[in-house]
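Quick check, what structure comes out for this input:
(one chain, ligands or ions: 2)
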Amino acid sequence: MDEQLDIKSRNASRLLAGAEMTETFTSIPVISLAPLFGGDTDAKQAVADEIRDACMQVGFFQITDHGVDMEVQAGAFAAAKRFFALPEAEKRKVSVKNSPLLRGYGGLLEENTDPDNDGDLHEHFDLALDLGPEDPDTLAGTYGCGPNQWPDLPDFRPPVMAYHREMVALSARLFRGFALSLDLPEDFFDPHITRPIAELRLAHYPPQTPVYDPEKIMGIGAHSDYDVFTVVATGPVPALEVQNAADDWIAVPPMPEGFVVNVGDLLQRWTNDLYRSTFHRVVNRTGLERYSLPFFASTNPLWELGVLDNCKSPERPARYAPISAAEYIGTLMRESYGL
Ligand SMILES: O=C(O)CCC(=O)C(=O)O
Ligand SMILES: [Fe+2]
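Residues are numbered from 1 along each chain as shown. Ligands and ions are numbered 1, 2, ... in the order given. I've put the predicted structure just below:
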């Protein structure tokens, strides 16, 4: 059959055609998600096409019209500021070191995302779906399943979990956009994100001061994310930078009403490197305290997906074996804490 008339080959070539792209980027695309929530199929596919281009060329985009309740987000930012203002000893009571799931508080320089660096200049508090100790998934010991740690701080848990729910819902909407962008049925991921690894990080980046060698210690060293995709509320303070193919660091302008979305390693694997899990870093040169809320979206922990059919060809065979989110993320998270 004429390849152009075969929908599958057309779709395959649409993804594979971009593989030879050589131009790099100097800015981050902005995409309105509004059409994804309407009934106009062509408008939906047009958004999906924008997502595909952004993922193949940049690995990052910013979204507007995302449907997240910004008051709930403000509640989470406020809770984060109150938590980080606690005495160090209080924060240490919920150290990630108490948690096999690495949930809870990580202090300044405790995590090191770039092995060439000496530690990340931020503190954070990580949480995810809060499963009880008797939950079958907790008992099975699967990475990503289990209880959060909570500090002794009034009015912290409810606003933070409310925001986590908003982000799980947003990521479900985005999974549909990613599915369409990959020429998959819109609901392709739905059965596999019913109990996802969905980690919310509250992060505090103090200003970079001369005490720290800026080559070796920065807010977060150059890294790619381990998840399927990340959705970051960056707050108003600029500091996030994305590396392009010329090795230039492109600043991401804060868009407090929007979110930054970036491709993670798992999505790069499924797409055989057609979608880019782009290196990025945070360097807070502003002199201001910076707070951000990254949300790491993945699938159900044990679901395995290999390279998608339309992302491989005889010339571009599968570069990756199937792997579950629990195995991939769990392994890298432990490494990032030197465990
Ligand atoms: O704080 C940010 O803007 C991004 C943080 C980040 O890249 C990460 O936590 O993986
Ligand atoms: Fe990141």
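
Where does the stretch 151-300 of the chain get nearest to ligand 1, residue-wise?
Going by CB to the nearest ligand atom, ligand 1 is nearest to residue 292 of the stretch 151-300 of the chain, at 3.5 Å. Where C-beta positions appear, they are placed from N, C-alpha and C, glycine not excepted.

what is the rounded mean pLDDT of the helix or strand containing that residue?
Taking DSSP states H and E as the criterion, the element that holds residue 292 is strand 290-297. For strand 290-297, mean pLDDT rounds to 98.

looking just at contacts, which helices and strands does that strand meet?
Contact analysis of strand 290-297 by 3 or more CB pairs under 8 Å, 6 or more residues apart in numbering; DSSP states H and E lists helix 70-84, helix 157-181, strand 198-205, strand 229-233 as its packing neighbours.

Now the element after it, going C-ward?
Going down the chain from strand 290-297, the next helix or strand is strand 304-305, by DSSP H and E.

Distance from the chain centre to that following strand, please.
Taking CA atoms, centre = their mean, to the nearest Å, the mean C-alpha location of strand 304-305 is offset from the chain mean by 18 Å.

And for stretch 169-186?
Computed by CA atoms, centre = their mean, the chain-centroid distance of stretch 169-186 equals 15 Å.

Give me the buried positions along it.
In terms of neighbour count (16 or more other CB atoms under 10 Å), stretch 169-186 has its buried residues at 170-172, 174-184, 186.

just those residues that are near ligand 1?
Intersecting the buried residues of stretch 169-186 with the contacts of ligand 1 gives an empty set (criterion: CB under 6 Å from any ligand atom).

which pair in those residues spans the largest distance?
Set against one another by CB to CB, these have their most distant pair in 170 and 183, with a gap of 22.5 Å.

on that earlier part again, ok, of the buried residues of stretch 169-186, which one's closest to residue 303?
Checking the buried residues of stretch 169-186 against residue 303 by CB to CB gives residue 175 as the nearest, at 12.3 Å.

Identify the residues contacting the closest one.
With contacts taken as CB atoms under 8 Å, 6 or more residues apart in numbering, residue 175 has the following neighbours: 189-190, 193, 228, 297.

By neighbours, which of these wins?
Comparing those on neighbour count, residue 228 comes out first with 30 neighbours (neighbours: other CB atoms under 10 Å).

That one contacts residue 264, correct?
Yes - under the criterion of CB atoms under 8 Å, residue 228 makes contact with residue 264 at 5.3 Å.

circling back: how about TSV for the helices and strands packed on strand 290-297, with mean pLDDT added?
Shown next, in TSV, are those (pLDDT from 0 to 100):
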stretch	mean pLDDT
helix 70-84	98
helix 157-181	98
strand 198-205	98
strand 229-233	98
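
could I get these as CSV with distance to residue 321?
Supplementary listing: the helices and strands packed on strand 290-297 in CSV, determined by distance: least, CB to CB, whole Å:
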stretch, distance to residue 321
helix 70-84, 37
helix 157-181, 21
strand 198-205, 24
strand 229-233, 21
